[in-house]
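Undergrad: The following comprises the amino acid sequence and a computationally predicted model.
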Amino acid sequence: MASIDLINLTKTFGPATAVNDLTLNVRDNEFVALLGPSGCGKSTTMNMIAGIEHPTSGEIRFDGRDISGLPANKRGIGFVFQNYAIFTHLSVRENLAFALRVRGVPRQEINRRVADIAALMRLSDKLDRPSARLSVNEMQKLAIGRSAIAEPAIFLLDEPLSNVDAAFRAFMRTELKHLQHALKQTMVYVTHDQIEAMSLADRIAVMSNGVLQQFGTPEEVYNAPANTFVANFMGSPSMNLITAVVTEESGRTAMSFKNACNLALTADGPLATRLLSSKSREVTFGIRPEDVELADTSDPRPGLTLPATFVEPIGPRTTIHLGEGEVRMKVITEKRFRTGLGQALKIIMPEPKCHLFDTKSGAALR
Ligand code: ATP
């Protein structure tokens, strides 16, 4: 068992607040990603869990037990950093065996566990190689294997794949998931890469400026972002976010986009209901580029007609940029889509796929 509770955790460095009142629960055997841009407090949070940094206030519990007074080496934690801490003067085998030797594990068991972890990390054929002669990718596999072999109840990984190449990163995402299933560890994984977080984590904690913005499954943070920060951070290309003014004309609710036509809404549709319940007259409207439908300008359905300004063919998909000034939209089409620059296109935005946010606070209007 190894659940982690962070309770009202705050860390300040002089006048700067790196982590601000963070409350988060990681369940036993769960894979949680801490995700956010550089400087948002991810590493500081990890360092506090590991015992490398001490919280300014708040509490950390493992399995319900307050471990604030416990030194790093007594916390039962494996930690893999961005800069793999391996002993370059030792062989791969000696690196893997190190933690077990220190603990006085019998030689036969060490051999068995080294063979097992080398197989898991696909390093079996490199065991007798001096680790200084490994490639960057292999070094990172060794760093992960070297921590995992001690079978810590809690495994912390801080951007372990940021130095490796893109192909290896994709490969390692799958390998790490296998590793977690095989070792049944509680994992906390720091990354600024939303693809990594989405593909690996059971739940994602999105952070910005030291503050937790949302904690949920990848589907929850992607499909129901709690605020405009999360909406903008998750997804590539990011969600279309446009300021709109709410109008009501003869019983019909509508959103008026600056310099563009109104988007009339059916009075009993989901968006209109949310608009009516929100008191604000100005809202931020959001829709993911893949949820927008492109149609002919003669299409009778309500929508926006905007000129195409830029077309980006990306393999099987095409991103079309539309509009100018304050109303700009990105649309992803599945097949290669041909359109001339400046050509007017109608975009249809299905109501169930639309998001609404309070413009001032950024909070989702649900
Ligand atoms: P990165 O991915 O760049 O490491 P991060 O999200 O992990 O970013 P942190 O490293 O936790 O963010 O830093 C959060 C904030 O705290 C930053 O503004 C950083 O400058 C500050 N900070 C972190 N460690 C210290 C320190 N030892 N002394 C002073 N400020 C610090």
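TA: Structure received. Nothing here was measured: the structure is a model prediction, and the numbers come from that model.

Undergrad: Once you drop chain neighbours, what's closest to Thr333?
TA: Thr318 (5.0 Å; Cβ to Cβ, 6 or more residues apart in numbering). (Glycine included, C-beta is placed from N, CA and C.)

Undergrad: in what helix or strand does the one you found lie?
TA: strand 317-324 (DSSP states H and E).

Undergrad: Measure how whichever helix or strand comes after that strand sits relative to strand 317-324, angle-wise.
TA: The helix or strand immediately downstream of strand 317-324 is strand 327-333, counting by DSSP H and E. With axes from the mean of the first three to the mean of the last three Cα atoms, to 10 degrees as the basis, strand 327-333 and strand 317-324 are set at 160 degrees to each other.

Undergrad: looking just at contacts, which helices and strands does strand 327-333 meet?
TA: The helices and strands touching strand 327-333, judged by 3 or more Cβ pairs under 8 Å, 6 or more residues apart in numbering; DSSP states H and E, are strand 240-249, strand 304-314, strand 317-324.

Undergrad: The stretch 51-200 of the chain: helices as residue ranges?
TA: Secondary structure of the stretch 51-200 of the chain (DSSP state H, counting those that start in this stretch): helices at 92-102, 107-120, 136-148, 166-183, 194-200.

Undergrad: hey, which of those is tucked in deepest?
TA: Highest mean neighbour count of the helices of the stretch 51-200 of the chain: helix 136-148, a mean of 22 (counted as mean count of other Cβ atoms under 10 Å).

Undergrad: Give the rounded mean pLDDT of that helix.
TA: Averaging pLDDT along helix 136-148 yields 88.

Undergrad: what helices or strands is it leaning on?
TA: Using 3+ Cβ pairs under 8 Å, 6+ apart, helix 136-148 sits against strand 77-80, helix 92-102, helix 107-120, strand 154-158, helix 166-183.

Undergrad: returning to what we had before: of the helices of the stretch 51-200 of the chain, which shows the lowest average pLDDT?
TA: helix 166-183 (a mean of 84).

Undergrad: if I pick Ala182, what's in contact with it?
TA: Going by Cβ atoms under 8 Å, 6 or more residues apart in numbering, Ala182 touches Leu120.

Undergrad: measure it to the ligand for me?
TA: 28 Å (Cβ to the nearest ligand atom, to the nearest Å).

Undergrad: how close does that residue get to Gly145?
TA: 12 Å (Cβ to Cβ, to the nearest Å).

Undergrad: do Leu294 as well
TA: Distance from Leu294 to Gly145, by Cβ to Cβ: 48 Å.

Undergrad: With Glu53 instead?
TA: Glu53 is 26 Å from Gly145, by Cβ to Cβ.

Undergrad: try Asp193
TA: Counting by Cβ to Cβ, the gap from Asp193 to Gly145 is 22 Å.

Undergrad: just Leu9 next, same as before
TA: 30 Å.

Undergrad: for Tyr189, same thing?
TA: For Tyr189, the distance to Gly145 - Cβ to Cβ - is 16 Å.
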